[in-house]
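**Student:** sequence first, predicted coordinates after that:
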Amino acid sequence: GQNIDQPTEMTATEGAIVQINCTYQTSGFNGLFWYQQHAGEAPTFLSYNVLDGLEEKGRFSSFLSRSKGYSYLLLKELQMKDSASYLCAVRNSGNTPLVFGKGTRLSVIA
Amino acid sequence: NAGVTQTPKFQVLKTGQSMTLQCAQDMNHEYMSWYRQDPGMGLRLIHYSVGAGITDQGEVPNGYNVSRSTTEDFPLRLLSAAPSQTSVYFCASSSKTLTLFGPGTRLLVL
């Protein structure tokens, strides 16, 4: 079977750093994706990891450990506009569909 | 370059009615898919296509049909709408390292 787990909700303070974890158990692995989704909108792409290690893109970074089935999304210098759901998704093999976790709703407070 | 487009944005149907949700992409991606998103359930795969003339079922295919006669278009058909199909529907278009979503269709079945 396939299982992707991430916390349901998180709260963090403006200007702080927050880490959103994702663990996965899938039949194969060909990449892990993070998406941001504001309420009432479509998911937008944030990051893609296929090899172990950290990928940094501005205030956002994503880490992958394939041996542990684990990833995290790190958001620095939090802003109010970062309040959104963050979706972790795994591609099993080749160009197969993404399998999504249920998402983590992040609230940034002043 | 419009990316992924979906129509309509909103739709209200009565139980038993049929309709087609349209999806088009202009990125020449071979891979397209349909997801539905319900509160607390995350994004669930309905159907997907790896190229013109090729479609396959996802996690929740019952009550939906798809076809892929061209690379650009991937319509989703509801044959006889049921209240359980009330949801937000997202079409996605993929390369090997990126999946982009359309803006979504909000469907209410009464």
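**Tutor:** In hand now; what should we look at?
**Student:** quick one: secondary structure of B:C91?
**Tutor:** At B:C91 the chain is in strand, as set by DSSP: H, G, I helix; E, B strand; the rest coil.
**Student:** OK, contacts around it?
**Tutor:** B:C91 is in contact with B:4, B:6, B:21, B:23, B:25, B:32-35, B:74, B:76, B:101-102, counting by Cβ atoms under 8 Å, 6 or more residues apart in numbering or on different chains. Quick note: C-beta positions are derived from backbone N, CA and C, even for glycine.
**Student:** interface residues of chain B facing chain A?
**Tutor:** With Cβ under 8 Å from any Cβ of the partner chain as the criterion, chain B meets chain A at residues B:30-31, B:33, B:35, B:40-45, B:48, B:50, B:58, B:90, B:92, B:94, B:96-104.
**Student:** ok so, going back, what is the nearest of the contacts of B:C91 to A:G28?
**Tutor:** Of all the contacts of B:C91, the one sitting nearest A:G28 is B:S33; the distance, using Cβ to Cβ, is 17.3 Å.
**Student:** correct me if wrong: that closest one contacts B:Y89.
**Tutor:** No - B:S33 is not in contact with B:Y89 according to Cβ atoms under 8 Å; the separation is 11.2 Å.
**Student:** so between the two, which is more surrounded?
**Tutor:** Taking other Cβ atoms under 10 Å in any protein chain shown, B:S33 and B:Y89 do not tie; B:S33 has more neighbours (27 against 22).
**Student:** give the bridge partners for A:T44, please.
**Tutor:** On the basis of DSSP bridges, A:T44 is bridged to A:Q36.
**Student:** then A:L74?
**Tutor:** According to DSSP bridges, the partner residues bridging A:L74 are A:Q19, A:S61.
**Student:** same question for A:D5.
**Tutor:** On the basis of DSSP bridges, A:D5 is bridged to A:T23.
**Student:** one more: B:M32?
**Tutor:** Once the bridges are assigned, which here means DSSP bridges, B:M32 pairs with B:S49, B:S93.
**Student:** how confident was the prediction at it?
**Tutor:** In the predicted model, B:M32 carries a pLDDT score of 96.
**Student:** mind listing what A:N49 touches?
**Tutor:** With contact set as Cβ under 8 Å, 6+ apart, A:N49 has these partners: A:31-32, A:55, A:62-64, A:71.
**Student:** sorry, back to before: dump the contacts of B:C91 into a markdown table; add secondary structure and distance to A:K76 as well.
**Tutor:** Listed next are the contacts of B:C91 as a markdown table, based on DSSP: H, G, I helix; E, B strand; the rest coil; distance: Cβ to Cβ, whole Å:
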| residue | secondary structure | distance to A:K76 |
| --- | --- | --- |
| B:V4 | strand | 30 |
| B:Q6 | strand | 33 |
| B:L21 | strand | 38 |
| B:C23 | strand | 35 |
| B:Q25 | strand | 33 |
| B:M32 | strand | 34 |
| B:S33 | strand | 32 |
| B:W34 | strand | 35 |
| B:Y35 | strand | 30 |
| B:F74 | coil | 37 |
| B:L76 | strand | 39 |
| B:F101 | strand | 25 |
| B:G102 | coil | 30 |
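**Student:** between those residues, which is closest to A:I17?
**Tutor:** When those are compared against A:I17 (criterion: Cβ to Cβ), the nearest one is B:F101, at 27.3 Å.
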